[in-house]
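A.B. asks: quick one, fold the following:
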Amino acid sequence: MVHGPLGIWKVFLSQPARLRVQPAKDRPRELTVYTRSHIRRSSEATPGTKAGCPGGTPFPPCVFAKVAHPAVSGGLTLTYDPNSNGGFEGLDRLGRVIDQKWVNDSAAVKDRFRYGYDRNSNRIWRENVLTHGTANKFDEYYNYDNLDRLSGYDRGDLAGTDPNFTGISGPATWEEDYTLETLGNWKGYLTKTDGNTVLNQTRSHNPANEITAIDANWILPAYDNTGNMTKGPKAGDP
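C.D. replies: Here you go, the predicted model:
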């Protein structure tokens, strides 16, 4: 198997002629390239089945294109074919989810999210389609450091146009920022609501990556000899 930008290539390579091999069965017989076009042509995009599997072969890039949850009152189905045209535009060429829609048995959209990525496949934004542009602002825009670690995110209404959103428009309704040390521990944790600071916390860690200090008004965590946390701050009551 060879992973490529358009999917997975199944390649059968020949052995050099100087080797003694069976004349027919050991020679190259097929080169199969599975791309998004297979998903478009697939007839298996029914609830609980997989799309993108020519002949029903169950290996990547076969993906679930539609999943039903019949136990939910009124029905609930997740689909990556948001336009119901067999094109499966909910997945990009790399198999990443870019459009996720939830509908009931009456085809009413109950939830829908769109996503954007950078060239390292980090998710950089999430659009809540049902609330975008309304008073309920639930879009999110994510930031990463040079090691592709999440360094913060803003929630609100995305600024710009799909797919080139540039951030959150105006003060974020909610913001979280993380200051990470070399090993990935949080040295700082900042939260804001509508641009106003809610929490600005600093932390220290020992060589075992255990928290040894949090701001003076927080309870210090305790650990057993194997590193399991045995005591820690209670949410809402530090």
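
A.B. asks: state whether P163 and G116 are indeed in contact, as I suppose.
C.D. replies: Yes: the criterion here is CB atoms under 8 Å, and P163 meets it with G116 at 5.1 Å. Just so you know, the C-beta spots here come from the backbone N, C-alpha and C atoms, and that holds for glycine as well.

A.B. asks: show me which of these two is the more surrounded one.
C.D. replies: G116 (20 against 14; other CB atoms under 10 Å).

A.B. asks: any idea which helix or strand carries that one?
C.D. replies: Per DSSP states H and E: G116 is located in strand 109-117.

A.B. asks: for that strand, what is the distance to the chain centroid?
C.D. replies: 11 Å (CA atoms, centre = their mean, to the nearest Å).

A.B. asks: who does A213 form a beta bridge with?
C.D. replies: Assessed by DSSP bridges, A213 has beta-bridge partners S204.

A.B. asks: and it, how many residues sit next to it?
C.D. replies: 13.

A.B. asks: given whatever helix or strand comes next after the strand holding G116, what are its sheet partners and their directions?
C.D. replies: On the C-terminal side of strand 109-117, the closest following helix or strand by DSSP H and E is strand 123-128. Strand 123-128 sits in its sheet next to strand 109-117 (antiparallel), strand 139-144 (antiparallel), going by DSSP bridges.

A.B. asks: mind checking how far D139 is from T161?
C.D. replies: 13 Å (CB to CB, to the nearest Å).

A.B. asks: and the strands paired with strand 123-128, which is most packed in?
C.D. replies: strand 139-144 (a mean of 20; mean count of other CB atoms under 10 Å).

A.B. asks: what's the mean pLDDT across it?
C.D. replies: In this model, strand 139-144 has a mean pLDDT of 98.

A.B. asks: report the buried residues of stretch 169-186.
C.D. replies: If you call a residue buried by 16 or more other CB atoms under 10 Å, then stretch 169-186 has these buried ones: S169, A172, T173, W174, E175, E176, Y178, T179, N185.

A.B. asks: same question, stretch 219-227
C.D. replies: Applying 16+ other CB under 10 Å to stretch 219-227 flags P221, Y223 as buried.

A.B. asks: which residues touch it?
C.D. replies: By CB atoms under 8 Å, 6 or more residues apart in numbering, the list of residues contacting stretch 219-227 from outside reads 208, 210-214, 229-234, 238.

A.B. asks: if you set the cut-off to 10 Å instead, what comes out?
C.D. replies: Residues outside stretch 219-227 that contact it (CB atoms under 10 Å, 6 or more residues apart in numbering): 203, 206, 208-214, 228-234, 237-238.

A.B. asks: again with stretch 198-211
C.D. replies: 174-177, 179, 181, 183-193, 212-215, 217-218, 220-223, 227, 229, 232-233, 238.

A.B. asks: same thing but 7 Å
C.D. replies: 183, 185-192, 212-215, 221, 223, 227 (CB atoms under 7 Å, 6 or more residues apart in numbering).

A.B. asks: which residues of this protein fall in helices?
C.D. replies: In the chain, the helices defined using DSSP state H lie at 36-41.

A.B. asks: tell me the centre residue of it?
C.D. replies: When CA atoms, centre = their mean is applied to the chain, the residue found nearest the centroid is R123 (6.3 Å).

A.B. asks: residues contacting it?
C.D. replies: Listed by CB under 7 Å, 6+ apart, the contact partners of R123 are Y115, Y117, Y142.

A.B. asks: tell me if I'm right that the last one and R149 touch.
C.D. replies: No: here Y142 lies out of contact with R149, judged by CB atoms under 7 Å, at a distance of 10.9 Å.
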